[in-house]
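Novice: can you look at this prediction? I've put the sequence above it.
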Amino acid sequence: MVSLTESLSLYTTGRYGELDNSISNTLTTGSQLNLQANYLECLEEFQNTLTNRLTKEELYDKVPLQKLGNILTEESEDNFNRLDLCQELIEEEVYELIDEIESKSIEPEKVLKELCDVLYLLFGFASKYKELKFLPEAFLRVHSNNMLKLENGTIRGDGKLVKSPDHPKPDLSDLVEKGLKYEN
């Protein structure tokens, strides 16, 4: 399977393997662009710092979102509260993104910031649940499946690529099972 970094290189190079001068493969800091961006390390750093702060302020047990290694289908008040909070936070950030996009004077930096906030919450949500542990691999499978749509899908009037009725769904069940068996 192709990694996200390898996939990016296909986009940043021209058809014949020459560098596409319109796209830079380095960040403004000069670091190599890597779509696997260590977002899990960033989230772990954030969570550890937040956990330390909440523990010092004796709030850790009162914040349902902090616990790692949860199971999505667990029927408990803590889990329902955690899922409700995740949903509220994600909705809040998506609405902030929509507000920026619908603004009469769109500011690209604000849109970019809101996109990052949405991603941060989505990745954070996935990091809390065992079933979602293998999000990067799931993403690659969904990407591969989406690429198949290019072969047999149709394009709607608004430009959206629509899959054919017999288009297969990506199988992620083994990743869910693998996640449930994963021990931190």
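Specialist: Alright, I've got the coordinates.

Novice: ok, which stretches of this protein are strands?
Specialist: For the chain, the strands defined by DSSP state E cover 154-155, 161-162.

Novice: now render those as JSON lines, adding mean neighbour count and distance to V176.
Specialist: In short, each C-beta sits where N, CA and C put it, glycine included. Below are those laid out as JSON lines (neighbours: other CB atoms under 10 Å; distance: least, CB to CB, whole Å):
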{"stretch": "strand 154-155", "mean neighbour count": "10", "distance to V176": "31"}
{"stretch": "strand 161-162", "mean neighbour count": "11", "distance to V176": "27"}
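
Novice: mean confidence for the top helix by length along the chain?
Specialist: In the chain, assigned by DSSP state H, the helix with the most residues is helix 77-102. What helix 77-102 shows for mean pLDDT is 92.

Novice: mind checking how far Y129 is from N70?
Specialist: 5 Å (CB to CB, to the nearest Å).

Novice: looking at the strands of the chain, which is nearest to L54?
Specialist: Proximity to L54 (CB to CB) singles out strand 161-162 among the strands of the chain, at 44.0 Å.

Novice: partners of the closest one in the sheet?
Specialist: Sheet pairing for strand 161-162, assigned by DSSP bridges, gives strand 154-155 (antiparallel).

Novice: distance between the partner strand and the chain's centre?
Specialist: Centroid separation for strand 154-155 versus its chain: 26 Å, with CA atoms, centre = their mean, to the nearest Å.

Novice: stretch 132-148 now?
Specialist: That offset, for stretch 132-148, works out to 11 Å (CA atoms, centre = their mean).

Novice: what comes up buried for it?
Specialist: Judged by neighbour count (16 or more other CB atoms under 10 Å), stretch 132-148 contains these buried residues: L132, K133, F134, L135, P136, A138, L140, R141, N145.

Novice: off-centre distance for the longest helix of the chain?
Specialist: Worked out by CA atoms, centre = their mean, helix 77-102 lies 14 Å from the chain centre.

Novice: run through the neighbouring helices and strands of that helix.
Specialist: On a contact count with 3 or more CB pairs under 8 Å, 6 or more residues apart in numbering; DSSP states H and E, helix 77-102 meets helix 108-128.
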